[in-house]
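**Q** mind folding the following:
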Amino acid sequence: MISFIIPAYNEERLLGRTLAAIKLAATALDEPFEIIVADDASTDRTAEIAIEHGAVVTSFCHRQIAATRNAGAKVARGEMFLFVDADTIVSKAAVLGAVKAMRNGAVGGGCAFRFDEPLPNYARVFQAFAVLLYRVLKLASGAFLFCTRDAFKSVGGFNERLFGAEESVMSQALKRCGRFVVLRASVTTSGRKLRAYSAREVFGLLARLAISGPRSVRRRDGLELWYGERREDPGTRWRR
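**A** Numbers count the residues shown, from 1 in each chain. Coordinates of the predicted model:
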C-alpha cells in the first residue's frame, strides 16, 4: 500500500483540490493507497473537507510541521510514504515516478516544483533560483517528499527539534541510507506567501536565517512566513 500524508493547518480553501489531485494521480497506480490528513489544531473546516474526500484524519495540537508530518506517518499503513503539502497539486508523472523509483531501490526523493500564478516579478526570480538550488543540492522540497517506510524508520522520521528546513535535513538523512532521487516531473504548490509578502520581507527573512545559521530554525520566533498569522492571498482576488 502507498500512503499519502498531508500535514494541514487551516487549509479549508486549498485542501479539497489537493486531495482531488492525489486521488486522480493515485488511480493510475493500480494498487491500494490511502490518504492521511494530519490536522494540526485547525479551527476551520479542514477536517470536514478531508473526510468528505475520503481521507483518514488524525488530529492533534503541535503547531510544528515536522511533528505534524511524523504524526501522519504514525498512522500510515503503507510501505511507501508520499508527503504532500496541503496547498500542493501533484501530477500523475510525479506520483508514478516516485513509486517507480522506490520499486527500483531508491530509499526516497523529491521532484521539481513550481508556484501557481499569479506571481510578482521578484517571486519569479526566487522560484528559478530555488528550483535550481534544490536540484543542484539534490534536496526534496516540503511540497513533495517520498520515502520507504523502512528508510523513514531508519532515520527516525522528521527532526522534531526543527520548526523549519525539516525537509532538507530529512533529505540529507535519507541520502545516508541509500539512493535518493530528484525527479524531473514537477508538482505545483501555492505561491500565496510570495504574493502576500513583499520582496523585502521574504529576502530579509532568508537573510536573517542565513546569518543565524541552524539555530534559527530551532524556534518558532522569527519564522513568521510559516507560523505567523496567515495573510489574505492577493491571488484570490485576482482569480475572481
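**Q** for Pro120, give me its contacts.
**A** Leu194, Arg195, Ala199 (Cβ atoms under 8 Å, 6 or more residues apart in numbering). (Glycine included, C-beta is placed from N, CA and C.)
**Q** now, among those, which is nearest to Leu223?
**A** Minimum distance to Leu223 across these is 15.8 Å, recorded for Leu194 (Cβ to Cβ).
**Q** tell me the secondary structure of the closest one, please.
**A** helix (DSSP: H, G, I helix; E, B strand; the rest coil).
**Q** and the longest strand seen in the chain, average pLDDT?
**A** When the chain is parsed with DSSP state E, its longest strand is strand 180-189. Averaged over strand 180-189, pLDDT sits at 96.
**Q** each with direction, which strands does that strand pair with?
**A** Partners of strand 180-189 in the sheet, by DSSP bridges, are strand 88-89 (antiparallel), strand 108-115 (parallel).
**Q** mind listing what's buried along the following helix or strand past the last one?
**A** Pointing back at strand 108-115 there. Next helix or strand after strand 108-115 toward the C-terminus (DSSP states H and E): helix 121-137. Using 16 or more other Cβ atoms under 10 Å as the test for burial, helix 121-137 gives Ala123, Phe126, Gln127, Val131, Tyr134.
**Q** for the following helix or strand past helix 121-137, packing partners?
**A** Note on helix 121-137: by DSSP H and E, the next helix or strand toward the C-terminus is strand 144-148. Counting contacts by 3 or more Cβ pairs under 8 Å, 6 or more residues apart in numbering; DSSP states H and E, strand 144-148 packs against strand 80-84, helix 92-103, strand 108-115, helix 166-175.
**Q** chain center to strand 144-148, what's the gap?
**A** 10 Å (Cα atoms, centre = their mean, to the nearest Å).
**Q** and if you look at stretch 124-131?
**A** Using Cα atoms, centre = their mean, the offset of stretch 124-131 from its chain centre is 17 Å.
**Q** got the CA coordinates for it in PDB?
**A** C-alpha atoms of stretch 124-131 as PDB (Å, rounded to 0.1, in the frame of the first residue of the first chain):
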ATOM      1  CA  ARG A 124       9.800  34.500 -10.500                       C
ATOM      2  CA  VAL A 125      13.400  35.100  -9.800                       C
ATOM      3  CA  PHE A 126      13.100  33.400  -6.400                       C
ATOM      4  CA  GLN A 127      11.400  30.400  -8.000                       C
ATOM      5  CA  ALA A 128      14.100  30.000 -10.600                       C
ATOM      6  CA  PHE A 129      16.800  30.200  -8.000                       C
ATOM      7  CA  ALA A 130      15.100  27.800  -5.600                       C
ATOM      8  CA  VAL A 131      14.300  25.100  -8.200                       C
END
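**Q** may I ask which helix or strand encompasses the residue lying closest to Gly157 once chain neighbours are set aside?
**A** Among residues not flanking Gly157 along the chain, Asn70 sits closest, at 4.5 Å (Cβ to Cβ, 6 or more residues apart in numbering). Element membership of Asn70 [criterion: DSSP H and E] is helix 65-75.
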